[in-house]
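Undergrad: The sequence and its predicted three-dimensional model are supplied below.
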Amino acid sequence: MISFQVNSKPVSFEGDRETPLLWVLRDHLQLTGSKYGCGIGQCGACTVHIDGGAQRSCVTPVSDIEGRSITTIEGLAADGELHPVQQAWLEIDVPQCGYCQAGQIMATADFLKKNPAPSDQDIDNGISNICRCGTYVRIRKAIHRAAELAGEEK
Amino acid sequence: MSMSVENARMELDLIDESRRRFLVAGSGIAGSFVLGLPAITFSNRAIAQDLHGERQIGFFIEIIGDGSVIIGSNQPEIGQGVRTALPMLVAEELDVEWSKVSVRQMPLGIVKTADGYDWKYGGQGVGGSTGLTENWDFMREVGATARQQLIRAAAARLNVSPASCSTKPGYVVCDSPAGAISYGELIADAAKLEMPTESPPLKDMRDYRIVGKRQNALDVIDIITGKAKYGIDTREADMRFAVIARSPYLNGRVRSFEDTEARKVGGVLDVFKIDGPEAGEPYLILASGVAVVATSTWAAIKGREALQIDWDAGPNAKDNTDTFWQQNHEMLKTKGQVVVDDGQLEQAMSEADKVIKRQYQVPFVSHQPLEPQNCYAHVMEDRCHIIAPTQMPSGASRAAAAVTGLPRENIRVEMTRVGGGFGRRLTNDYVAEAAMISMKTGSPIKLQWTREDDVRHDFYRPAGLHEMGAGLDGDGKVIAWTQRLASASKYYRRPNMPDEDLWGAELYDDDFPRRMVDNFRLEYFHNPIGVPRGSWRAPAHTANAFVIQSFLDEIAFETGQDPLQLRLDMLGDKRELEYGNHGGPTFNPGRLSRLIGFVAERIDYSKKRPDGHGVGLATHFTFGGYAAHGVEVTVRPQGQLIIERIVAAIDCGFAVNPQAVEAQLQGGTIDGISTALGLEITVKDGQVQQSNFHDYPLLRIAAVPSLFEAHILPYDDTPTGVGEIGIPPAAPALTNAIFAATGIRLRRLPIGDQLQKAMSG
C-alpha cells in the first residue's frame, strides 16, 4: 500500500506500483482535472505539484510518491480563493477547448515561484506544455498578469 | 455500413437540408420562422406536450426564480466558443443581463418520423465553420419568441395589451401602475402559453448590448478549476475501461493472438478480437484489433502491452509515402482529368511573354486534438447510452445503431465538452468501437485511445504534389494559370463515389484566381494509397493557399514585380463573384485586397530589411470568411529560423463575439505555422511511422513570437464562420518571409531542417 496526500487529504493506493500517478488520480481518486495527453511526459496536460514542484504525473509511478504531498488543479485554489494564475487565466480568457489548461496553470504556478517576474525569454525557456488550440498568445499574457497579481498579493 | 468522414459531409448536408425544411415548413411569412420554440412547431405536437418544464419556454430557455437564466446549447463545444456565442444570441433577444446566464449542454435530439428522422432541437453538428452561421437566425428567434411569451404573460396578468409592453433586461415593463415584473415571476405563466405561429421581429443590431461585444467564455471558471467534464472524464456506475490493440498495418488483420499473459495482468477482465472492415470497403471502424477490458485504464493498457498478436499485414503492406511521391511526380508527366478549363490555355501559354512553372509538395498531417479519442457506451437489450466527445452527435447515433441494430430513437447520445476537434471528430469510428465492446461484454465501458493510437489511426489530411503554371504578358500580367494536382483524395472509401468526382475534395474550382485570369485550367490525378484521409481543419484550403500564395511570390520575383502589388492587381476591388463551393454563393476578392493591404501596412512591408530578415504576406478566402497574414522572420546564417512578428487579420463580416473570433484567428494562425514548421505523417511498409509528440512535434510557446497582432476588420451585418478561416494564409506568409530573408524558396512542407541543409551546404 502506498500512502500520500492529495490536496491536503491523506489517501492510499493498493495496486500496481508502476501505475502512473495520473491514472491513480483520475481512475481511483476520481480527480479528473489532470488530463491525459501523451503518456510520455511530452505535453504536460497531466502536470501536478509534488511537494510543491511541477511534475508530469503521466510518467511518475505512484511508488515514487510514498509519503509525499500532491496538489492537483482541484486543490490549487486555497480557501475558495482562486490562485493568482487562475485569476489571470480567467481575466485574460485563455482557454479554447480548455483540455490542456489545468496543466498549463499548474506548470505556471510553479514556474512563477522560481521566476516571480519573468521575461518573455524566461517563459519560452520555462514553459513547454502543449496547447493544440494555440492559446499561446493569451497564455503568455496571462503569465505576465499572474506575476503582477502574485506581486500585489505579497 | 459506412460512417463518418464520408458521412460527415452528408451530415452537414443533412443539417442544411433539415434547416431548409424548417424554414419552408414553418414560414410562408417572410421566410423566417419561429424555430424559436424549437422544433415544437415543425415536427409534432406530442413533443410540445412533454417539453415544458414549469419554468421553461421551449427547449432552450429556463428561468429561475432569482432571474438567472439557463440557456441550452445544442451544438458540440470543441473550443470554437459556440457554447458562449449561441447563448449570447438568445440572451440578446430575450433581453436579460449576460451576467445572469449559464449554459447547459443539450444531448442529441432526433425524432422518428414517417420517412426517417428529424431534428428535435435543430440541426446538431459542427464542421465547415458553420456552428454559428447555421444558428444565427435560429437562436435569435429562440430568444425573441421567449421574450414575446413573457410579454404576453405580463400583459394577461395586468390586463393590458401586449403592444403596450416592452422589456428591460430581466423585466417586462407595461403601461400600468404595476411597473416592471421580473421574468422570474412571469416564467410559470409564460411556460403555459400556446406557442405563437409567427416569428417575432428581431432587434435592430444597433441596439445590441451583448452580441458584438467582447465576452469571456462561459465555462472558463470550470476549466481553470478542473471541474469541466470532457469525454475522458466520464464515469458511470459499473463502468469498465477498455483499450484496443489496433493493426499497425493499414488494413492489416489479426491472424491470431495469445492473451495468457494479458489475462494475468491484475484488473484485466476480458480480451477479444475486433474485426475491421475489408480493405477498400466503406467502414464503420478503421482497424482490426484486439480489445482489452479491465477495471482501470492503466490495467487495460498493461494488458494490451502483454498481448502477443500475429498480424496479417494485408494488402497495403508495401505502401510507402516515398513511393507515393515518386508516383505523383510520374503522374504529373502525363495528362490528368481536366476539371476546369476556361478560355484557351495552350494558346495563351504559347503567346505568353514568359511562362513560369513550379512544383510544391504538401504532406499528410494528423489532427491530434489534445484529448485522445474516447467514448462511453452502454449497450442494453433494447437501448443504448453513448457519451462522447464528438463533432457529429447524429453520426454517433448512426454508428451505435449500425453496431447494435437498435433503432436510433432508442440510442441516447450525450455530448461532453470536447478537447479539440480539428475535423477528427467528424468521424465516429471510436463510438462504433465502444459500442462493439459494450455489446460484446454486456457492460458499460469507456473506450480510451492512447496518444499512439491517435497518431497511428487517424483520417489524415491528404498529401499532394502540385504543379503550378503561369503565362505572363509583356507587362507582367498573368494571362494564363494552371494548377495540376496529384494527390490522395480526401474522399476516402466513400460509398457511391465515382472516380471522376474525387477531385472535388482537393481543388475548389471557384477559388482565386478563377475569373481573375481568363485562361484558367485545373487538372487532377488521384493517387490511391492505403493512408486513411479525412477533413483536417479548412481541408484543401490549407494546401491550396500554400501553393497559390507561394507561387504568386515566385511570379513576382521572376518578373521584378512587388508581391503585394501583384496580388492587389489580380484581386482588384470589391465585387461579388460567383462561388459554388462551401462558403458561397459569392466570393468578394476586394475583401482580400483590403485585408492584405492592411496587414502589409501594419507590418511595414515596404521597409527595406537587411539580409537574413524578411517579411512575407499571404491572403485567402475560406468557407465564407477572409484572412490575411504578414509574418516577419530572421534566419541566422546556419539556418536557424526565428519568427519575429505575426500580424493576422480576419474579415468575418460581423463578429458575434470579437474575443472568440480573435482567439480563433490566433489559434488558426498558430495551427498553420505549427503544421508548416514540423508536422508530417509518413508511411513505410504499410505502417504509420510517427507515434507521439516526440516525433509529431506540435508547436510550443517558445516558437510563438511576443509580437502577435490579431485584427478583426468588420465588413457587414452577416457573420461568417471563423474556426477555419485563420489557418490557410499563415504557412505561405511564413515561407514567403523566409524567401525574402534568404532567397531560399521552400516548396515542400514541412519546413523541417530544409533551411539548415540549404544554408550549411
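TA: Yep, that arrived.
Undergrad: Next one: the residue in the stretch 151-300 of chain B that chain A sits nearest to relative to A:R26, how far apart?
TA: Proximity of the stretch 151-300 of chain B to chain A (Cβ to the nearest Cβ) peaks at B:G226, 2.1 Å away. Heads up, the C-betas are built off the backbone N, CA and C, glycines and all. Distance of B:G226 to A:R26, given as Cβ to Cβ, to the nearest Å: 11 Å.
Undergrad: which residues are in contact with both of those two?
TA: Residues touching both B:G226 and A:R26 (Cβ atoms under 8 Å, 6 or more residues apart in numbering or on different chains) are A:32, A:34.
Undergrad: How about A:W89: what's its closest non-neighbour residue?
TA: Leaving aside its chain neighbours, A:W89 sits nearest to B:I224 (4.8 Å; criterion: Cβ to Cβ, 6 or more residues apart in numbering or on different chains).
Undergrad: Could you report the neighbour count for the one you found?
TA: Neighbours of B:I224 under the rule other Cβ atoms under 10 Å in any protein chain shown: 29.
Undergrad: So what does it have for phi and psi?
TA: phi -80, psi -10 (degrees, to the nearest 10).
Undergrad: pretty sure it is in contact with A:E91, am I right?
TA: No - here B:I224 lies out of contact with A:E91, judged by Cβ atoms under 8 Å, at a distance of 10.5 Å.
Undergrad: Can you tell me the SS state at the closest residue to B:R424 other than its chain neighbours?
TA: Of all residues not flanking B:R424 in the chain, B:H367 sits nearest, at 3.6 Å (Cβ to Cβ, 6+ apart). Put simply, B:H367 is coil when judged by DSSP: H, G, I helix; E, B strand; the rest coil.
Undergrad: B:A627 too?
TA: strand.
Undergrad: so what's it up against?
TA: B:595, B:619-620, B:648-651, B:665, B:668, B:725-726, B:728-729.
Undergrad: Try it again at 6 Å.
TA: B:650, B:725-726, B:729 (Cβ atoms under 6 Å, 6 or more residues apart in numbering or on different chains).
Undergrad: got it, and B:R253?
TA: B:R253 sits in contact with B:288, B:312, B:314, where contact means Cβ under 6 Å, 6+ apart.
Undergrad: returning to what we had before: can you tell me which residues contact the residue nearest to B:R424?
TA: Contacts of B:H367 (Cβ under 6 Å, 6+ apart): B:422-424, B:458, B:536.
Undergrad: Retrieve the pLDDT associated with the residue most central in space within chain A.
TA: Central residue of chain A (Cα atoms, centre = their mean): A:M106, 2.4 Å from the mean position. Predicted confidence (pLDDT) for A:M106: 98.
Undergrad: Then A:K154?
TA: Value for A:K154, per-residue pLDDT: 70.
Undergrad: count of neighbours near it?
TA: 5.
Undergrad: Ok, B:P277 next?
TA: Around B:P277 there are 17 residues (other Cβ under 10 Å).
Undergrad: if I pick it, what's in contact with it?
TA: Contacts of B:P277 (Cβ under 6 Å, 6+ apart): B:Y283.
Undergrad: if I look at it, how far off is B:A488?
TA: 18 Å.
Undergrad: Below-threshold pLDDT in chain B: ranges please.
TA: Counting by pLDDT under 70, the ranges of chain B that qualify are B:1-53, B:761.
Undergrad: who's in contact with A:Y99?
TA: A:35, B:370-371, B:419.
Undergrad: Check which helices and strands the helix or strand that contains B:T619 sits against.
TA: Using DSSP states H and E, B:T619 sits within strand B:613-622. Judged by 3 or more Cβ pairs under 6 Å, 6 or more residues apart in numbering or on different chains; DSSP states H and E, the packing partners of strand B:613-622 are helix B:539-559, helix B:589-602, strand B:625-635, helix B:730-742.
Undergrad: Check the offset of that strand from the chain's centre.
TA: 22 Å (Cα atoms, centre = their mean, to the nearest Å).
Undergrad: cool, and stretch A:3-22?
TA: On Cα atoms, centre = their mean, the centre of stretch A:3-22 falls 17 Å from that of its chain.
Undergrad: Start and end of that stretch, how far apart?
TA: Start and end residues of stretch A:3-22 are separated by 15 Å (Cα to Cα, to the nearest Å).
Undergrad: who in chain A is up against chain B?
TA: A:19, A:23, A:27, A:32-33, A:37-40, A:42-43, A:73-74, A:86, A:89-90, A:93, A:95-102, A:120, A:124, A:127-128, A:130, A:132-134, A:136-137 (Cβ under 6 Å from any Cβ of the partner chain).
Undergrad: Pull out the buried residues from those.
TA: A:19, A:23, A:27, A:32-33, A:37-40, A:42-43, A:73-74, A:86, A:89-90, A:93, A:95-102, A:124, A:127, A:130, A:132-134, A:136-137 (16 or more other Cβ atoms under 10 Å in any protein chain shown).
Undergrad: nearest residue to A:H28 other than its sequence neighbours?
TA: Nearest one to A:H28, counting by Cβ to Cβ, 6+ apart, is A:F13 at 6.2 Å.
Undergrad: ok, now how distant is the one you found from A:Q5?
TA: A:F13 is 12 Å from A:Q5, by Cβ to Cβ.
Undergrad: out of those two, which sits in the more crowded spot?
TA: A:F13 (20 against 16).
Undergrad: so who does the residue in the stretch 351-500 of chain B that chain A sits nearest to touch?
TA: The nearest approach of the stretch 351-500 of chain B to chain A comes at B:G419, 3.2 Å away (Cβ to the nearest Cβ). By Cβ under 6 Å, 6+ apart, the contact list for B:G419 reads A:97, A:99, B:230, B:369-371.
Undergrad: B:P282: which of the contacts of B:A627 is nearest?
TA: Set against B:P282, the nearest of the contacts of B:A627 by Cβ to Cβ is B:I725 (31.3 Å).
Undergrad: Pretty sure that closest one sits against B:F621.
TA: No - under the criterion of Cβ atoms under 6 Å, B:I725 makes no contact with B:F621, lying 8.4 Å away.
Undergrad: The residue most central in space within chain B and B:G534, how far apart?
TA: In chain B, the residue lying closest to the centroid (Cα atoms, centre = their mean) is B:G127, at 4.3 Å. For B:G127, the distance to B:G534 (Cβ to Cβ) stands at 11 Å.
Undergrad: next one: B:P393
TA: 18 Å.
Undergrad: of these two, who's got more company?
TA: B:P393 (27 against 23).
Undergrad: Tally up the residues packed near the residue of the stretch 651-761 of chain B found nearest chain A, please.
TA: Across the stretch 651-761 of chain B, no residue is closer to chain A than B:I670, which sits at 3.1 Å (Cβ to the nearest Cβ). B:I670 is flanked by 28 other residues according to other Cβ under 10 Å.
Undergrad: how about it, what does it touch?
TA: B:I670 makes contact with A:G134, according to Cβ under 6 Å, 6+ apart.
Undergrad: Would you pull up how far the strand or helix carrying it lies from the middle of the chain?
TA: For B:I670, the host element (DSSP H and E) is helix B:658-678. Centroid separation for helix B:658-678 versus its chain: 13 Å, with Cα atoms, centre = their mean.
Undergrad: What is the subsequent helix or strand relative to that helix?
TA: By DSSP H and E, the next helix or strand past helix B:658-678 is strand B:683-684.
Undergrad: I'd guessed the residue of the stretch 151-300 of chain B closest to chain A sits against A:G33; true?
TA: Yes - when contacts are counted by Cβ under 6 Å, B:G226 is listed as touching A:G33 (2.1 Å).
Undergrad: Common neighbours of those two, please.
TA: The contact lists of B:G226 and A:G33 share A:73-74, A:102, where a contact means Cβ under 6 Å, 6+ apart.
Undergrad: ok so B:S256 is a strand residue?
TA: Yes - judged by three-state DSSP, B:S256 forms part of a strand.
Undergrad: since we're on the closest residue to it other than its chain neighbours, how many residues are nearby?
TA: Closest residue to B:S256 apart from its sequence neighbours, by Cβ to Cβ, 6+ apart: B:D310 at 4.8 Å. B:D310 has 9 neighbours, counted by other Cβ under 10 Å.
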